[in-house]
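> Sharing a sequence plus its predicted fold:
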Amino acid sequence: MNAKHTQQKQAAGTPTDRTNVTVIGLGAMGSALACALLDAGHPTTVWNRTPQKAKPLADRGALVAATPEEAVAAGELIVACVLDYDALRTVLAPAAEAGTLTGKTLVNLTSGSPEQAGEMAAWAGAHGAEYVDGGIMTTPPGVGSPEMMFLYSGSEAAFTAHRPLLSALGDPLYLGTEPGLASLYDAALLGLMWATFTGWLHGTALVGAEGTAATDFTSVALRWLRGAVSGFLTTYAPQVDAGRYPGDDATVDVQIAAIGHLIHAAAGRGIDNALPELLKSTMERASSAGHGNDSYASVIEVLRRT
């Protein structure tokens, strides 16, 4: 069955509120994106440098384009998830030179830096396309869940127009018109995730040395994170914005003393202390800079200075 016939067949049986969408890149994440769009009933065209990766999607009703130019021509909205920004420009260059990108919206879910997002927005604009950059805050199995967050920045008009379709991928959160915001938030949130993971694993190793199961510790840790820790973040955020850090809950110097107990307990049980030692060093620099009697939020002044 040729591409034109398949596309006509899809359009004939598709509600008018569905958008013709193209997915460029069919790695694990790109394939998950295409599956979610198909499940939502959107006529979906796919393209990948290795055509064999498209077969499972074709079996589910996707139109497989022979070339990137054909893929771009088929979709009103182009969703890209490839290796990097350079690879995306290379893939889209023939379509851009032919004018096929003009009038399209490019939603780029490729991982990269804020600076690369800005450059890509300018490149897309120069070829007549609206540009939205995105950050996927889940792994492939989570794509399609309304509980999973997708970050977007760039053209507000394009985001608003395609928000119903983007909701098929996950909960869409628009951050602003600056194209690099989604990438910046993505990096910041990943840093938070890794720090949380490693802190949890250090704690798990510590209580595990006394025979506590990870599952038992985690139920207590989650209660602590949802309650007290999230409350601290809510309290500290306006302090950071104001640049004033009243130490009316617990001061940096008190925290330094407390983390000493953690380091002592872990050392006595053979647990690696690289993470708490790093945290203690950062607290001590904040104290030396005059924030010993301030709240823990004042540590940000040391981080900014660094």
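Great, that's in hand. Numbering: from 1, shown residues only.
> And for the nearest residue to residue 225 once chain neighbours are set aside, the neighbour number?
Excluding its sequence neighbours, the residue lying closest to residue 225 (Cβ to Cβ, 6 or more residues apart in numbering) is residue 196, at 7.9 Å. No exception for glycine: its C-beta is placed from N, CA and C like everyone else's. Residue 196: 13 surrounding residues under other Cβ atoms under 10 Å.
> Next one: residue 196 from residue 219, what distance?
To residue 219, residue 196 is 16 Å away according to Cβ to Cβ, to the nearest Å.
> With residue 250 instead?
Distance, residue 250 to residue 219, by Cβ to Cβ: 25 Å.
> just residue 45 next, same as before
Counting by Cβ to Cβ - residue 45 and residue 219 are separated by 46 Å.
> How about residue 161?
Taking Cβ to Cβ, one finds residue 161 at 44 Å from residue 219.
> and what of residue 156?
From residue 156 across to residue 219, the span is 42 Å (Cβ to Cβ).
> Look at these two and report which has more neighbours.
residue 156 (14 against 10).
> mind listing the strands for the protein?
For the chain, the strands defined by DSSP state E cover 21-24, 44-47, 63-64, 77-80, 105-108, 130-136, 149-154, 171-174.
> The longest one pairs with which strands, parallel or anti?
Take DSSP bridges as the rule and strand 130-136 pairs in its sheet with strand 105-108 (parallel), strand 149-154 (antiparallel).
> most tightly surrounded among those?
Across these, averaging neighbours per residue (mean count of other Cβ atoms under 10 Å) puts strand 105-108 on top, at a mean of 28.
> Most tightly packed of the strands of the chain?
Mean neighbour count (mean count of other Cβ under 10 Å) peaks for strand 21-24 among the strands of the chain, with a mean of 30.
> which helices and strands sit right next to that one?
The contact analysis (3 or more Cβ pairs under 8 Å, 6 or more residues apart in numbering; DSSP states H and E) places strand 21-24 against helix 28-39, strand 44-47, helix 68-74, strand 77-80, helix 85-97.
> For the protein, which segments count as helices?
In the chain, the helices defined using DSSP state H lie at 3-12, 28-39, 55-59, 68-74, 85-97, 114-126, 156-166, 181-208, 214-224, 230-242, 252-267, 274-286, 299-305.
> Turn these into a markdown table, columns for mean pLDDT.
Shown next, in a markdown table, are these (pLDDT from 0 to 100):
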| stretch | mean pLDDT |
| --- | --- |
| helix 3-12 | 38 |
| helix 28-39 | 98 |
| helix 55-59 | 98 |
| helix 68-74 | 98 |
| helix 85-97 | 97 |
| helix 114-126 | 98 |
| helix 156-166 | 98 |
| helix 181-208 | 98 |
| helix 214-224 | 98 |
| helix 230-242 | 97 |
| helix 252-267 | 98 |
| helix 274-286 | 98 |
| helix 299-305 | 94 |
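> For residue 104, find the nearest of those helices.
helix 68-74 (6.6 Å; Cβ to Cβ).
> Using PDB, write down the CA coordinates of that closest one.
The C-alpha trace of helix 68-74 is given here as PDB (Å, rounded to 0.1, in the frame of the first residue of the first chain):
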ATOM      1  CA  PRO A  68      12.400  12.800   6.100                       C
ATOM      2  CA  GLU A  69      11.000  15.100   3.400                       C
ATOM      3  CA  GLU A  70       8.000  12.800   3.000                       C
ATOM      4  CA  ALA A  71       7.600  12.600   6.800                       C
ATOM      5  CA  VAL A  72       7.600  16.400   7.200                       C
ATOM      6  CA  ALA A  73       5.200  16.900   4.300                       C
ATOM      7  CA  ALA A  74       2.700  14.400   5.900                       C
END
